[in-house]
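*Asks:* Let's see this in three dimensions:
(chains A and B)
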Amino acid sequence: MSLLTIRNLSVSFATSSGQFRAVDGVDVDVNPGEILAIVGESGSGKSVSMLATMGLLPWTATITADQMSFDGRDLRTISAKERRKIVGNELAMIFQEPMSSLNPCFTVGFQIREALRKHTSLSARERHARCVELFEMVGIPDPEKRLKTFPHQMSGGMNQRVMIAMAIACKPRLLIADEPTTALDVTIQAQILDLLTGLQRETGMGLILITHDMGVVAETAERVSVQYAGQKVEDQTVQGLFETPHHPYTSALLSALPERATEKHLPTIPGVVPGQHDRPAGCLFSPRCKFADDTCRQTPPPVQSAALGHARCHYPLTTPEEVSA
Amino acid sequence: MLKFALSRLGTFIPTFIGVALISFAFIRVLPGDPIIVMAGERGVSPERYEELRQQYGFDQPIWVQFWDYMTGILQGDLGQSFVTNRPVWDEFFTLFPATLELSLCAIIIATAIGIPAGVIAAVNRGKFFDRALMSTALIGYSMPIFWWALLLIIVFSGNLGWTPVSGRIGLLYFFDTPTGFMLIDSAMSGQDGAFGSAVRHLILPSIVLATVPLAVIARQTRSAMLEVLSEDYIRTAKAKGLSTARVNGVHALRNALIPVITVIGLSVGTLLAGAILTETIFSWPGIGKWMVDSISRRDYPVVQGGLLLIAVIVMIVNLIVDILYGLINPKIRKR
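*Replies:* Residues are numbered from 1 along each chain as shown, chains lettered A, B, ... in the order given. This next block holds a predicted model:
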């Protein structure tokens, strides 16, 4: 049984110029102990769908889903109080900006102990011991001293380690990492990713890694879900995806990787992601797709079979030759 | 922290000299001769006038007068009132406890109601409570204080008879006032009902004086909370599964307090300088009323010394506020 199951999740925001649909019919499945990467450009709805799962969206958001369950519990109908017992405990999340994600007024130790006090029955002494243990797990030297420091006294990388320690404090079954390395130096990025995958192996938790970096996907994930303009356009194993992407968008993303460039100039995808007011009638990627025809432009594409990577496309690519064409 | 406080103390000296200079000059540029004012309607003979001028040192050049004044201050001598002949220092400390007692009560009321009201308004942004509270705050802020005071007196003292009209204590009570704080002195006196009387006398002036700071604090708390509530660390706190009360009351409020403390500090400074209208309406023997009376009497030493002492108190309040910033948000301490 999968740990997190989401079917047909849609999120729209009330804006001054009408409803804006940030997530449009997304499905997510994560099994216990699995690493799923969700890839997409900025504004593709990858963070929003996970924030919806956590119940962290502002009240301006309208969330609908056919199914949204974590470990058999329906997250759609759950009360706020019941959700708070799960969130931060079995289901945890870390964010993009470690520097601004920690409260500047409290020591990092306080902020971790707070999660432990909320979700565990540990005594004050045990909580402290657990904090020291967590700091050792996430590779923060001199834990006793570091627990007493404030976020502004540490680097971004160290703060992200604190965030990770806080998220895994109550031994979650699923950790959602929302672009955990985007705001960090390149050298630190690899360390944090190694740490996350290491912790995932050690604890056997599920991990959802939200990223826009295909390199990160290739190195860490087992399965990839590609999102475009609020829709999931493809979902398959990492190996399958890199060998035979079925959706033209995935294919275009991969050919834009510097490692894969065959020409002198790096290929790019022309155009931009459609916004609130210029959503095409048919396939959302059709204005930028080199394979698009009138059908693509007028009819929303079907979701293909699992063998075709659940590609949301009228004409999914099927062979590596076609992909490189 | 100590180093920080000491460095702030260093900035006191130029401010202190500046205030001394301004208060010295201010009273002298006002039209009106103190000797003529003192003499009143009877007038004064030219010989006596010249005698008094020499006695008070007005015959000296202005810089000599200032020099004498400054050297006096450095020796702890603020001079004596022309009117009462008592040292300014003594007069100030006889009256200041009354102002302090009233100001503290007012600021406690304003803070105790203003901060929670602002938090609740921010959390319920745009809803009925928020709109009702902010409209009330705007009314409180814009209402003329003397009118509001009179209205309260008519209702609570006149119609209902719950509170006395003026003064600090009922006429029936006589006791020593070693601290100058009527609440403390009345409680220590052991006389039946003295404390109750002191409290009843304090209620209306405190409410009147609290009105404007209350409105300002509530509005400031609301806007600071709204800003903080959209911060990333609030999302982190929610992601930990913390209760709404804890997220708003601990994680958000602590960060939102910085601008709120600033307006509280400014309010305290203003209140301690003497609430002239409120003290006059309620015949409250505080320093606001004292200063106004002294200015109209051209009582040079009292105006100079009083302004200087008030300035020092405002500076001390500001120093406390600065120290509080660092205690609330350690990130500020670094700067």
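*Asks:* Quick check: residues of the stretch 201-335 of chain B near chain A?
*Replies:* Taking CB under 8 Å from any CB of the partner chain as the contact definition, the stretch 201-335 of chain B meets chain A at B:231-233, B:235-244, B:251, B:254-255, B:328-331, B:334. C-beta coordinates here come from the backbone N, C-alpha and C atoms, glycine included.
*Asks:* which ones are touching A:Glu136?
*Replies:* A:Pro143 (CB atoms under 8 Å, 6 or more residues apart in numbering or on different chains).
*Asks:* Name the helix or strand for it, please.
*Replies:* Counting by DSSP states H and E, the secondary-structure element that holds A:Glu136 is helix A:124-137.
*Asks:* if you look at the next helix or strand after that helix, does any of it touch chain B?
*Replies:* Toward the C-terminus, helix A:124-137 is succeeded by helix A:143-146 as the next helix or strand (DSSP H and E). No. For a cut-off given as CB under 8 Å from any CB, helix A:143-146 has no contacts with chain B; the smallest distance is 14.9 Å.
*Asks:* so what secondary structure elements neighbour helix A:143-146?
*Replies:* Packing contacts for helix A:143-146, counted by 3 or more CB pairs under 8 Å, 6 or more residues apart in numbering or on different chains; DSSP states H and E, involve helix A:124-137.
*Asks:* For the helix it packs on, what does the pLDDT average out to?
*Replies:* For helix A:124-137, mean pLDDT is 92.
*Asks:* do stretch A:222-229 as well
*Replies:* Average pLDDT, stretch A:222-229: 92.
*Asks:* starting at the chain centroid, how far to that stretch?
*Replies:* Computed by CA atoms, centre = their mean, to the nearest Å, the chain-centroid distance of stretch A:222-229 equals 9 Å.
*Asks:* hang on, the earlier thing: make a ChimeraX selection of the buried ones in the residues of the stretch 201-335 of chain B next to chain A.
*Replies:* In ChimeraX, a selection of the buried entries from those looks like this (16 or more other CB atoms under 10 Å in any protein chain shown):
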select /B:231,232,233,235,236,237,238,239,240,241,242,251,254,255,328,329,330,331
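*Asks:* Just the residues of the stretch 201-335 of chain B next to chain A: which are in helices?
*Replies:* Per DSSP state H, helices hold the following members of these: B:232-233, B:235-239, B:244, B:254-255, B:328, B:330-331.
*Asks:* Get me the contact residues on the stretch 1-150 of chain A for chain B.
*Replies:* By CB under 8 Å from any CB, the part of the stretch 1-150 of chain A that sits against chain B consists of A:54-56, A:80, A:83-89, A:92-93, A:95, A:97, A:100-106, A:114-115, A:118-119, A:150.
*Asks:* How many residues are close by whichever residue of the stretch 1-150 of chain A sits closest to chain B?
*Replies:* Here the stretch 1-150 of chain A gets closest to chain B at one residue, A:Gly88, 3.4 Å apart by CB to the nearest CB. Counted with other CB atoms under 10 Å in any protein chain shown, residues neighbouring A:Gly88 total 27.
*Asks:* and what of B:Phe195?
*Replies:* B:Phe195 has 20 neighbours, counted by other CB under 10 Å.
*Asks:* That one reaches B:Ser186, doesn't it?
*Replies:* Yes. With contacts counted by CB atoms under 8 Å, B:Phe195 reaches B:Ser186, the gap being 4.6 Å.
*Asks:* tell me the pLDDT at the residue nearest the centre of chain A?
*Replies:* Geometric centre of chain A, nearest residue: A:Ile210, 2.4 Å, by CA atoms, centre = their mean. At A:Ile210, the model reports a pLDDT of 93.
*Asks:* Show the contacting residues for it.
*Replies:* A:Ala37, A:Ile38, A:Lys46, A:Ser47, A:Met50, A:Ile176, A:Ala177, A:Asp178, A:Glu179.
*Asks:* For it, pull up the helix or strand it's in.
*Replies:* In this structure, A:Ile210 sits in strand A:206-211 according to DSSP H and E.
*Asks:* same check, this time on B:Arg219
*Replies:* Secondary structure assigned from DSSP H and E places B:Arg219 in helix B:194-229.
*Asks:* helices and strands around that helix, which ones?
*Replies:* The contact analysis (3+ CB pairs under 8 Å, 6+ apart) places helix B:194-229 against helix B:88-123, helix B:128-142, helix B:145-152, helix B:182-189, helix B:253-272, helix B:276-281.
*Asks:* Turn these into a markdown table, columns for distance to A:Asn8.
*Replies:* Converted to a markdown table, these look like this (distance: least, CB to CB, whole Å):
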| stretch | distance to A:Asn8 |
| --- | --- |
| helix B:88-123 | 32 |
| helix B:128-142 | 35 |
| helix B:145-152 | 59 |
| helix B:182-189 | 66 |
| helix B:253-272 | 38 |
| helix B:276-281 | 64 |
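*Asks:* Can I get those in a markdown table including mean pLDDT and distance to B:Thr15?
*Replies:* Shown next, in a markdown table, are the helices and strands packed on helix B:194-229 (pLDDT from 0 to 100; distance: least, CB to CB, whole Å):
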| stretch | mean pLDDT | distance to B:Thr15 |
| --- | --- | --- |
| helix B:88-123 | 93 | 19 |
| helix B:128-142 | 92 | 29 |
| helix B:145-152 | 91 | 29 |
| helix B:182-189 | 83 | 32 |
| helix B:253-272 | 90 | 13 |
| helix B:276-281 | 86 | 23 |
